[in-house]
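compute the structure for the input listed below.
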Amino acid sequence: MISIPQAKLTDYKNVEKVINSLKTNAELMDYFHSFIVSYKRLDNKFSFTESFDEEFIFDQLNKIEVMRNHSLFAIPFGVKDVFNTKTLPTTMGSNVWQGFMAGNNARVVDEITDRGGLVFSKTTTAEFAVHYIQAGETLNPHNSLHITGTSSAGSAVAVACGALPICLGTQTAGSIVRPASFCGIFGFKPSFGAIDRTGVLKTADTLDTIGLLGSDIYGLQKVFFEIFQKDRNYPNARKYFEHHSSYKEKRKLKIGIVTDQFLPFDEYKPYVKDSFNQLIKELDSPELLIEKISDIEFINEIHSLHDIIYCKSLSYYFKDEHARGSGVSDLMTEMISKGESISTNAFIDASARQPDFRLHFDNIFNNYDFILTPSTASAAPLIGETELDDTNLIWTFMGYPVMSLPIFWSEKLGLPYGLQIIAPKFGDFSLFDFSQSVLDKFSARIDSN
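Below you'll find the model as predicted:
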C-alpha cells in the first residue's frame, strides 16, 4: 500500500517557521522549555537518547542569540553517539568508552553550530556503530515488538516519534536507510566523501559515510547544503552543482529498476514486491522512461567483498578493545575475530576491486538518471528475527547518494517501509528534487481520492 506521511509539528519546516516567528530571546526560551518537556516524555516512551543536558541546551541558546540570521538558527539536532562533541560524552555505544569526553566537536558538528544549530542530544547507537542495537535500547514507535534498524536507529526513532526534526547518522552498510525504512521517516546518505568525517568514529575508510535522518525533504536538503564540503579545498564540490544544473535542463528522465537482478530479491516479502510494482505502474508517465537494468549481475559479488573490507577494518580499528577481553559484545568479538582470520592479501584484493566495481557501475549509470528499488526487504522484523538481505550496502560500496522515502505502509502489520532512490555520485541535489517530485505526485493522488 502506498501511503504518504502526514506533517507533524516537529517537521523541520514547521519547527523552523515557529523559531523564526519568535522575536525575543524570552520567547525562544519558553518555546524550548516546552520542546524539552515533550522530548523527555517521548524519550521515556521510546528510548532513543544516549546523553542529554538541559543546561547545555539553554547555554547554547543564550550564546546564539546573535546568530538569528544564520541559516540553521536554533534548529535542534540529534547527534548519533559516534560524533565527537565537546560538551556531551561520546561513548560510541560501547561499555568500554562510557563517559569518554572527546574534548572537541566533529567537523560536521562545528559546521552545524557555526550556523546557529543546537546540539540537542546524543542519540543511541549500536556498539561502535557496527550492528544491531540491543533489544529494548530503542523502541519502534509503530510497534515496540519490532526492531528499529541498525546503528543509526536512535536518530531514526527520535525523528519518527516527533521528538526532533533532524538527526545526524552514519552508514557503512545500511545504517541510515534501514532505520529510516523501519521507522517511517526520510533517510539520506550522501555521495561518499561529501561531508568531512574528521572527529567521527572510523570503521571502514572506503565505506563510512555521514548522512541525515529527517522529518521532511526540505530539512534534509537545507542542512546538507550547509554542511557538505564546498569550499576551494574540496575541488569535487563543483560537480554537485554541475550535475544539478544538467538535471534541471532535462525534460524526460530515464529510470532504472533493480529487483531480481539482486539474487536475494526472491526472499523479499510479497507485500514489498507488490507495493513496489504498484508504484512503478503509477509512476509511468511521458516524462519518465522506466526500465529494468540489464547486465548488473556482478552486484551479487559485492556483499562478500564488503564483508572482507568491513571485518578486516574492524579488526584493525578495534584491536585494542578486543585485546581487553571484556566490555566488548560477543557479536563484536566474533566480527573482529573474523577480520583477523582474513589475510592481508584478501583485504588488499577486495579493496582494489572496489574502485573497479564503481567504475563499471558508473558506466552503466550513465544511461540512467536514477535507480529505484525497495529500501528494505520487509517492514521492521520482529525483535529476534533475522533481517533479510537488501541492496543497501551495494550503494554504500559504490559511493552513490540515496534517499529512502517513507512511502509504503502495511495495513496488516501496521508498519512502514521505504522506497529507495539512488542517484549517480555527485547527484545529491538532483536526488532531492526528484524525491520531492515523487512524493508530491503520490500526495496529490492520495489527496484526490
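
what's in contact with whichever strand or helix holds Phe120?
Using DSSP states H and E, Phe120 falls within strand 118-123. Contact partners of strand 118-123, identified using Cβ atoms under 8 Å, 6 or more residues apart in numbering, comprise 39, 48-52, 56-57, 60-61, 64, 74-81, 83, 85, 87-91, 105, 109, 112-113, 152, 154-155, 157-158, 164, 167. All C-beta spots, glycine's among them, are computed from the backbone N, C-alpha and C.

distance from the chain centre to that strand, please.
The chain centre lies 16 Å from the centre of strand 118-123; the measure is Cα atoms, centre = their mean, to the nearest Å.

pairing partners for that strand, with directions?
Paired neighbours of strand 118-123 in the sheet (DSSP bridges): strand 49-51 (antiparallel), strand 76-80 (parallel).

give me the three-state assignment for Ser404.
strand (DSSP: H, G, I helix; E, B strand; the rest coil).

can you give me the strands in the stretch 101-250 of the chain?
In the stretch 101-250 of the chain, strands defined by DSSP state E, counting those that start in this stretch lie at 118-123, 166-171, 186-189, 209-214, listed in chain order.

out of those, which is closest to Val258?
strand 186-189 (16.1 Å; Cβ to Cβ).

which other helices and strands contact the host helix or strand of Leu431?
Secondary structure from DSSP H and E places Leu431 in helix 428-448. With contacts defined as 3 or more Cβ pairs under 8 Å, 6 or more residues apart in numbering; DSSP states H and E, the packing partners of helix 428-448 are helix 217-227, helix 237-248, helix 270-283, strand 402-410, strand 415-422.

Glu301 is nearest to which of those?
So among those, strand 415-422 is nearest, using Cβ to Cβ, at 18.2 Å.

so what does the closest one touch, helix or strand wise?
When contacts are defined as 3+ Cβ pairs under 8 Å, 6+ apart, strand 415-422 packs onto helix 177-183, helix 270-283, strand 370-374, helix 392-398, strand 402-410, helix 428-448.

what about the protein, any weak spots by pLDDT?
1-7, 444-449 (pLDDT under 70).

now the residue most central in space within it: how far from Pro401?
With distances taken as Cα atoms, centre = their mean, the chain has Ile176 as the residue nearest its mean C-alpha position (2.8 Å). Ile176 is 11 Å from Pro401, where distance means Cβ to Cβ, to the nearest Å.

name the residues contacting each of these two.
Phe188, Lys189.

circling back to that earlier point, buried deepest among the strands paired with strand 118-123, which one?
strand 76-80 (a mean of 27; mean count of other Cβ atoms under 10 Å).

which residues sit against it?
Contacts for strand 76-80 (Cβ under 8 Å, 6+ apart): 15, 32, 35, 48, 57, 85, 88, 109, 112, 117-123, 125, 129, 151-152, 154-155, 158-159, 163-170.

just stretch 290-302 next, same as before
For stretch 290-302, contacts defined as Cβ under 8 Å, 6+ apart pick out 254-259, 261-263, 280, 283-284, 357, 360-361, 364, 368, 371-372, 391, 393-394, 397.

again with stretch 345-352
Contact partners of stretch 345-352, identified using Cβ under 8 Å, 6+ apart, comprise Thr206, Leu305, Ile308, Ile309, Lys312.

could the helices and strands packed on strand 415-422 be laid out in JSON lines, adding distance to Gly211?
Shown next, in JSON lines, are the helices and strands packed on strand 415-422 (distance: least, Cβ to Cβ, whole Å):
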{"stretch": "helix 177-183", "distance to Gly211": "9"}
{"stretch": "helix 270-283", "distance to Gly211": "23"}
{"stretch": "strand 370-374", "distance to Gly211": "18"}
{"stretch": "helix 392-398", "distance to Gly211": "10"}
{"stretch": "strand 402-410", "distance to Gly211": "9"}
{"stretch": "helix 428-448", "distance to Gly211": "10"}
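
can you say which of these is nearest to Ile342?
Here helix 392-398 is closest among the helices and strands packed on strand 415-422 (Cβ to Cβ), at 16.7 Å.

which residues touch that closest one?
Under Cβ under 8 Å, 6+ apart, the answer for helix 392-398 is 171-174, 177-178, 189, 192, 207, 209, 262, 299, 302-303, 305-306, 354, 357-358, 361, 375-376, 402, 420, 422, 425.

helix/strand/coil for Asn14?
What three-state DSSP gives for Asn14 is helix.

am I right that it is in contact with Ser21?
No. Counting by Cβ atoms under 8 Å, Ser21 is not a contact partner of Asn14; they are 10.8 Å apart.

ok, back up a step: the residue nearest to the centre of the chain against Gly187, yeah?
Yes. Assessed by Cβ under 8 Å, Ile176 is found in contact with Gly187 at 4.6 Å.

quickly list what's touching both of the two.
Counting by Cβ under 8 Å, 6+ apart, the residues touching both Ile176 and Gly187 are Gly169, Gly211, Leu212, Leu213, Ser404.
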